[in-house]
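Q: coords below, sequence missing:
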Ligand code: GUN
């Protein structure tokens with residue numbers, strides 16, 4: 001079986017075109033949506049992500065503000081920066097790039113972000129809203145994966161979705177979003193016994209474990225849809241996912257490549273959340 005490649009680059013581009021029009025319409029009404037990103041320290045992966053976020057928001061026609069702080073910054077000073085952005089009326093979305101240095105309490109920083117500007121969807125209030133199916137900002141990676149599935153015509157209701165990985169950023173919210181679309185959801189993780197016995201049952205397999213090419217074709221049921229959230233370097237230093245694409249594509253009916261699958265969707269959904277935040281703000285003003 002040869003599988004269909006799910007093209008995140010193309011689907012992301014399609015959504016960005018839609019966003020560009022929405023931003024242009026807001027600008028015409030006299031308002032430019034703004035995204036602020038706080039980067040603490042010099043982590044090279046974080047620097048790359050942040051640069052991409054800045055570039056993409058500018059391309060979409062939005063205002064972009066980057067606040068760089070040294071990794072020696074105190075928790076108190078970081079919280080002050082967040083509070084300044086909470087009060088800044090030209091900023092609709094605030095993102096604090098994770099991970100943060102060890103001396104800073106990540107949860108405390110996330111809780112300090114105004115839920116109305118929490119375009120990462122990490123604030124406990126927004127996580128709670130997501131869990132009970134209320135309208136809120138959805139975390140960007142799982143939100144992007146839902147768009148990939150829906151825009152590729154993958155049926156979700158009644159299907160068995162197996163998620164490997166249980167992080168707060170990807171695995172946990174991913175299962176909830178699939179559940180809301182009536183999938184039967186199984187969570188697997190590093191302590192799961194006999195992982196293959198679960199993955200072999202998956203109609204939709206989401207892999208977010210951070211281990212290069214770990215999931216090979218023999219873990220996959222014939223005809224399954226495979227979503228690879230991994231971003232690793234292989235033995236030759238080449239970018240690769242958590243799934244061994246060459247063997248998986250022999251078995252899967254559809255699969256995301258790395259790069260060009262989930263990656264481009266994450267930033268796209270961040271922009272979408274920021275535009276939504278701006279629209280929420282403007283709508284609440286016209287109502288008041
Ligand atoms: N670090 C890795 N992924 C993310 C993300 O989606 N948001 C933030 N803020 N930091 C991250």
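A: Sure, I can see it. Please read these numbers as outputs of a predicted model, since none were measured by experiment. Numbers count the residues shown, from 1 in each chain.
Q: Could you say which helix or strand holds the closest residue to residue 175 other than its chain neighbours?
A: Closest residue in space to residue 175, ignoring its immediate chain neighbours: residue 185 at 4.6 Å, by Cβ to Cβ, 6 or more residues apart in numbering. Where you see a C-beta, it was placed from the backbone N, CA and C, and this is true even at glycine. Assessed by DSSP states H and E, residue 185 sits inside strand 184-188.
Q: what do you get for residue 94?
A: If you go by DSSP H and E, residue 94 is part of strand 93-96.
Q: Just confirm yes or no for that strand near the ligand.
A: Yes - residues of strand 93-96 contacting the ligand under Cβ under 6 Å from any ligand atom: 95, 96.
Q: I'd guess residue 42 is in a helix, am I close?
A: No - counting by DSSP: H, G, I helix; E, B strand; the rest coil, residue 42 is not found in a helix; it is coil.
Q: can you count the residues close to it?
A: By other Cβ atoms under 10 Å, 10 other residues sit near residue 42.
Q: Same question for the one 4 residues further on.
A: Per other Cβ under 10 Å, the neighbour tally for residue 46 reads 17.
Q: before we move on, back to that, what pairs with the strand holding residue 185, parallel or antiparallel?
A: strand 160-164 (parallel) (DSSP bridges).
Q: Show me what the one helix or strand residue 172 maps to is packed up against.
A: Per DSSP H and E, residue 172 falls inside helix 171-180. With contacts defined as 3 or more Cβ pairs under 8 Å, 6 or more residues apart in numbering; DSSP states H and E, the packing partners of helix 171-180 are helix 124-131, helix 140-151, strand 160-164, strand 184-188, strand 204-207.
Q: I'd like the next helix or strand past the fourth one.
A: Looking back up the chat, that one is strand 184-188. Note on strand 184-188: by DSSP H and E, the next helix or strand toward the C-terminus is helix 195-199.
Q: That next one packs against which elements?
A: Secondary elements touching helix 195-199 (3+ Cβ pairs under 8 Å, 6+ apart): strand 160-164, strand 184-188.
Q: Tell me which of these sits most buried.
A: Comparing those by mean neighbour count (mean count of other Cβ atoms under 10 Å), strand 160-164 comes out on top with a mean of 24.
Q: and the residue in the chain that the ligand sits nearest to, what is it in contact with?
A: Nearest to the ligand in the chain, going by Cβ to the nearest ligand atom, is residue 98, at a distance of 3.7 Å. Contact analysis of residue 98 by Cβ atoms under 8 Å, 6 or more residues apart in numbering lists 106, 169.
Q: Go again with 7 Å.
A: Counting by Cβ atoms under 7 Å, 6 or more residues apart in numbering, residue 98 touches residue 106.
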